[in-house]
Structure formats: C-alpha cells, structure tokens
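Colleague: Here is a sequence together with a model predicted from it:
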Amino acid sequence: MRSYYGFVPLLAALCACSGASAPPAIDMAPQRFSTSVAREPIASRPDHHRPWISPELARATAPVLFVSDPGTADVYIYSLSTLKLKGTITGFDQPQGECSDNKGNVWVTDTNGQTIYELSHGGQLENALSDSNGYPDACAWDPTTKNLAVMSLFGVGSSSGNVLIYPKGSGSPTSYANPTQYFYNFGGYDTAGNLYFDGRDASGTFMLSELPRGANSAYTIKLSGGTIYFPGMVQWDPSNNNLIVGDQSCANNYASCIYQVTVSQKTGTIKKQIKLQDYAGSQACDLVQGVKYKNQVAGSDYDFCAHATSATYLWTYPTGGAPKLYNKTTDVTPVGAAISI
Amino acid sequence: MRHSAIARFGAFVAGGMLLVHCSGLSQGGLMPPAGTAVRPVQPASAGGARNGRRVSWMTKGMNDIDLLYVSNANGFVNVYRFWQHTLVGVLTNFTQPTGECADAVGNVYIVDHSTSKIYEYAHGGTKAIKTLDDSPNSPDGCSVDHNTGNLAVANDPYGYYSKGNIAIWLHATGKPKIYYGASYNDHFTDCAYDDRGDLFTTSIYGYLSFYTEFFYLPRLGSQLLLMNMPGQQSGWGYVQGVAWDGKYWIVSMDNVLYQFTINIKAKLIGSVTLNGGYGVVSQISFYRKSLKSQATQVLGGSTSQGYKSSVVEFWKYPAGGNPFASVTKNLDQPFGTAISLGAN
C-alpha cells in the first residue's frame, strides 16, 4: 500500500453482499475502498519539489494555514491573512486530513504512510505517531484533555475503520468505534470533550457519530432537516454552539457545501446550508476539509469539475458565497486544512 | 564501538574466515575489511590494567581554555588544548572508553563500553563529578541536548542476537528512558542531537551480513522513526558515526561526511571529503563558534593498518580536503572525541 493508492480488493465481497443501493445521481462505488478521502480519488504524483520554509515564517507568529495535497505529496503553508505561500513541506506519502493543537502545532495524517506527523508553526517535524493497523485520514485535538483523536478511514486487511485516541498526542492509542460505521472520515471535539466524526456505513451512506467524553464506544447521530451525501469537514463551533459539517456531494451533485448542525442527545438537526463559490463564480467543486477561524472558513477547492483550477480560499462565515481571498498558484489536489495560531 | 559490534559481528561469521575475504565498506551488506576501519579487539581488561599504573592529571588553569578530549584503546583519555593541540592532561579511570560528548557548559561525558558506565567530567577536571549506570547495556556513543541537558547514549550490546537501544537520561540524571529500533538485533553505534533537540542515530543489524540503518527521534517524539538516508545506491556500508554541524545532519563513512536535512524525509545536500590520515576517520567532532553557527572545523582520529600508527587530524569545514593540523603523539587508536569550550 505504500506505492499506490489502490482499491482494496478484499472488500469486493463485502460490496457485493451489502445489498444497499448507491445514491441515485452519483455512483459511490469507486470511492469505497480507496485510501483517498476526496470525492473523486486522488492519485499520487509526487512533484519532488525541494522543501522550503521562508525565513519570515520561521520568525512569524501570525496565523498560518496548512493545506495538504496528497496528489503532490506536499503540505503547503499559507499566510492566513494574505494566502501567500510561505513554505512547502515535502516527503509525505499521502497527506490528507489535518488538525491543530493548543501549541499551534499542526498534525497531518499520512494515510498510506500510516503515520501522523506533528509539525510546528514553522513547518518543522516535532513528532510522529504510527497507525500500523489502519489508514489515518483525519484527526481532532481535544482541548480539555489534550488528547489526539485520529480517524482511520478503514483498517489493514479491509476491516472497518476506527478512532484512535493518543493520550496527550503520544504513546500507544486506545481504539474506539461505532459498530455500525465502516469508514471514518473527519472529526472534531466540542468544548466538553465529546468527539463528533463523520464517515460512511458499509454501503457508502453518510453517517455522523459521537463518542461522548469518557465513553467506551460511539453511537450514531440521526440527522434530520436535510441530507448529507459525502463526508467532509467536522468542526465544533463554540460561538454558535453547533457543529459545522461538510458535504463533498452537496445535494448529491459534484459540488460542496457546509452545514450548521445542532446536536441534542443522539439527534442532529441541519439548520443552515452554506454554499461556497470558487473564484470563477461556480459552486466549489470539492472542499474536502475546511476549517472555520473566527468569521471565516479557510480551505481549498479540489476542482476536478474543471470550473476553475484548484485553489485555496477564504470565505466569510456564515455568509459563504464568493471568496474574500484566494490563491490559485500552488494547489494541485488539495485535501486537508488546519490553522496554526 | 567499532571494536565491539563489528568485531562481534565478524567473529560470528565462520570463525572470521569470511571476514577476511569480505571487503568494501561502501557496499551495504558486506563486512568491513579487517583492520582498516575499526579498532582492534582489545581485551576488556587491557586498558584497565595499564591504567592501574597511572593516575589522572591535568595542567592547572584550564578553565578558560578550549579543550579536546580523545579516547584511546589503551584506556586513557587524552586532553589537549584545542587551538594549540598540546597535551594538557590524561584521564585514566576507564576500561574501554569509546564515545564522548560535551554539554552546553563544557562538561564532558565519556562512555565506558566494557563497564556500562558513563562518566561526567567538569571542564578540565580529573575526577568524575557524576557516574551513570548503563547496565546491562554497552554504550558506544553519546550526545547532549543543549536545550534540555538530556543525555542520549547509543547502546551496542554484546552478543550477535542481542538488541541494543537508545537510552535517554532526562537532564542526565536518574534512570534512562529506553527506545528501540525496528530490527531484532539493532546495535546502536552513535547518536547526535541538533540544536532543536531532535535526535539522529545509526545502528547495524543483520544475520551473516550486516546492514546499516538510521533512526530519527523528533524532539517531541515517543518512538524512533526508521529513516531512509539517500545517497548510497547499494546501501550504506559501515558508518563511523553521525553528527550535527550546526546546519546539516552528518553521516560519516570512511573519510566522507554526507550532509542531510531531515523533515519528514531525509534529503542529501552534499558531501565533504577529508583527506589524509589512514583513510577512515573515527568519531568526529565539530568546532562551532556559537550554537547558532555552522561548524568551521572538524576533527577525528584514524589508525593505520596493523594499528601501529595513530593520528588526530583537523580540517577546515565545510571545505574539507587536506588537514591543516594533526596530533600523533600519545595516541593509541583514537576513537571518541569531544570539544569542551572554556569559560570565556
């Protein structure tokens, strides 16, 4: 699995036996067993560019945006205020979902590398954790315990995925799962230490789950008020006391949007849909993982729809719509996003 | 180190016959050629027996003087004025001194392979101010994190099938935390900290043939990361050591210093060739004007075939080339080196 982003053949039998139907407009089957978390799987074509970090970044403490690009196997670092590129970290296998911790470090999941890297604000490697039993594709930092949760898309040998919690971001993890969930995508902690994460069941249907603080297993949050088709970002918004959940197949189309979701017990209610436009005025093709920071959402549009080119954006939140800022000079196949402050 | 691990690996192979016929340090998987790169297999008690006839001594007034410490196969550690290259002291408290390292205030750690002891000497001191117990391990090399004072030691066990480790003493006290590599019989031979507190190590392992591997422990890391070091298409041969020059990681093999950066993956930047001596430079030390600057000098010892002649040589860095100075007296197969900066 190290040299290609293949589909896992052993799950073919599971696909055939699931009996569940795919969503009507888009065939979900090709995505089921790829280690890519993008709506359209991204093939790796490492650009072998030289890594570089601007001296300005090494000294600066202003917020920066880390964007992972599994196609080039690089992580780009942008100034959050200008979206100017300040550095490129190379050498990953398949960098995907990201999260940031209270130290301002950014964790990057390397799915095919089965490793989770911790990078400093200046892009230096600080730590690395292994996930030898699965394919880590996203992470979340618990501000209450300082634990790191890592979502494994699925397990080695085509087993179901899980959530690994590394105490204080170190050592050996403890595994948690929702028994009805098969694929584990993005996640986020609320301010009480409850973990929310999305993904899909074995038939490819979107799921949202919660692992309450201190619980031994997760359960499904039943959604009402709309339908989410393909898992995107999950982030708790303390200012509005709700979840922000992304959909890479908004309205079951090749388009992305994000939702405000309120949660009560085991029920979630979609309250608001926020559409995001690319610089050409079309709806964003594929915002795989966005990140809310203050009154804006940052992230990149992997534009396999060819409306524009792939680019990194800042949108006003919760207004959405046209971007307030963008940079289309660097991204090729962007996926993950995290902000280091 | 080389006299320990390599000799043991060699002894395992057909009573040494295969060792005699193997050659080519630059080819991974081969034994080192006999008598070229490594220190001889010295009986563990030999140095100690000689030491019994001498006591440590040091010229007075060394507090402000930059000093160079050199460990020898006879069990002595010579101390020189760094800039004048003149002998100013000898430490005799060892059985088999190998690696050396200095901390931020100039204290010098000397590992004693046979006795599993690590001795700390104050700059210019003749008696150890602290002794750490590394048993049951057999230390080869060491490095001090100048930010934290943590001491890392590369352990190279006796026994072909034994598994060595990296031991780290927080603040160079108490009991160490142990880190293991990826192989069943890692023999760690050297380690080095950079200015951030990241640790780079090398070990040899294998069965019949030996292989060199490298590990990296990021400063917040909890496990050694196996690191692929590019630049040797046939794999790395016997590596003399690893170091930090203030800008790049260094892998020292034979008389070439390979420069790398490491961040997720390692990237080869260049190399520096050290001419002179006897072809293979043992554990090197860099002289840096400050902790923020790249090294301007590098030094290391080497020994002739047959172990009849020894030398410690000094090169400009990163120029390399021919040495600009050397020391030949009072040496016996020099191996470990450390530079301890004076108070001023």
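Modeller: Looks like it came in fine.

Colleague: Please make it C-alpha for all contacts and neighbour counts, starting now.
Modeller: Will do.

Colleague: Where does A:L57 sit: helix, strand or coil?
Modeller: At A:L57 the chain is in helix, as set by DSSP: H, G, I helix; E, B strand; the rest coil.

Colleague: repeat for B:P334
Modeller: Recorded secondary structure, B:P334: coil (three-state DSSP).

Colleague: so it sits right up against B:V312, yeah?
Modeller: Yes - at 7.3 Å, B:P334 counts as touching B:V312 under the criterion of CA atoms under 8 Å.

Colleague: Next up, the contacts around the single nearest residue of chain A relative to chain B.
Modeller: Nearest residue of chain A to chain B, counting by CA to the nearest CA: A:N127, 4.3 Å away. Listed by CA atoms under 8 Å, 6 or more residues apart in numbering or on different chains, the contact set of A:N127 reads A:Y117, A:E118, A:L119, B:L217, B:P218, B:R219, B:L220, B:G221, B:S222.

Colleague: Please identify which pair of the residues you listed lies farthest apart.
Modeller: Across the contacts of A:N127, the longest distance by CA to CA is 14.7 Å; it joins A:L119 and B:S222.

Colleague: Name the residue in those two with the higher neighbour count.
Modeller: Each of A:L119 and B:S222 has its neighbours counted (other CA atoms under 10 Å in any protein chain shown); A:L119 has more, 23 against 16.

Colleague: so what sits against both of B:P334 and B:V312?
Modeller: Joint contacts of B:P334 and B:V312 (CA under 8 Å, 6+ apart) are B:G301, B:S302.

Colleague: Any regions of the stretch 51-200 of chain B where pLDDT drops low?
Modeller: Within the stretch 51-200 of chain B, the stretches with pLDDT under 70 are B:51-53.

Colleague: switch to 90 and redo it
Modeller: Applying pLDDT under 90 to the stretch 51-200 of chain B picks out residues B:51-54, B:93, B:157-162, B:182-185.

Colleague: which residue does it bring closest to chain A?
Modeller: The nearest approach of the stretch 51-200 of chain B to chain A comes at B:D198, 8.1 Å away (CA to the nearest CA).

Colleague: burial count for that residue?
Modeller: B:D198 has 19 nearby residues by other CA under 10 Å.

Colleague: Correct me if wrong: it contacts B:S222.
Modeller: No - taking contacts as CA under 8 Å, B:D198 lies outside contact range of B:S222: 11.5 Å.

Colleague: which residue sits closest to B:Y258, ignoring its sequence neighbours?
Modeller: B:S271 (4.4 Å; CA to CA, 6 or more residues apart in numbering or on different chains).

Colleague: Using the three-state scheme, assign that neighbour.
Modeller: Three-state call for B:S271 (three-state DSSP): strand.

Colleague: For the residue of chain A closest to chain B, identify the helix or strand it belongs to.
Modeller: Under the criterion of DSSP states H and E, A:N127 resides in strand A:125-130.

Colleague: What strands flank that strand, and is each parallel or antiparallel?
Modeller: strand A:115-119 (antiparallel) (DSSP bridges).

Colleague: Please export the C-alpha coordinates of the strand it pairs with as PDB.
Modeller: In PDB, the C-alpha atoms belonging to strand A:115-119 read as follows (Å, rounded to 0.1, in the frame of the first residue of the first chain):
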ATOM      1  CA  THR A 115       1.700   7.800  10.100                       C
ATOM      2  CA  ILE A 116       0.500  11.000  11.800                       C
ATOM      3  CA  TYR A 117       3.100  13.800  11.700                       C
ATOM      4  CA  GLU A 118       3.200  16.800  14.100                       C
ATOM      5  CA  LEU A 119       4.600  19.900  12.500                       C
END
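
Colleague: and that strand, how far from the chain's centre?
Modeller: Relative to its parent chain, strand A:115-119 has a centroid offset of 14 Å by CA atoms, centre = their mean, to the nearest Å.

Colleague: quick one, helices of chain B?
Modeller: For chain B, the helices defined by DSSP state H occupy B:7-12, B:17-21, B:44-51.

Colleague: Go through the ones you listed and find the least confident stretch.
Modeller: Ranked on mean pLDDT, the bottom entry among these is helix B:17-21, at a mean of 29.

Colleague: contacting residues around residue 70?
Modeller: You didn't say which chain, so I picked chain A. A:I42, A:A43, A:S44, A:D93, A:Q94, A:P95, A:Q96, A:T333, A:P334, A:V335.

Colleague: look at chain B instead
Modeller: B:V77, B:N78, B:V79, B:P334, B:F335, B:G336, B:T337, B:A338.

Colleague: excluding its backbone neighbours, what's nearest it?
Modeller: B:T337 (4.6 Å).

Colleague: isn't that neighbour right up against B:A102?
Modeller: No - if you go by CA under 8 Å, B:T337 and B:A102 don't touch, sitting 9.5 Å apart.

Colleague: Burial check on A:G299, number of neighbours?
Modeller: A:G299 has 27 nearby residues by other CA under 10 Å.

Colleague: Next: A:A251.
Modeller: There are 16 residues near A:A251, going by other CA under 10 Å.
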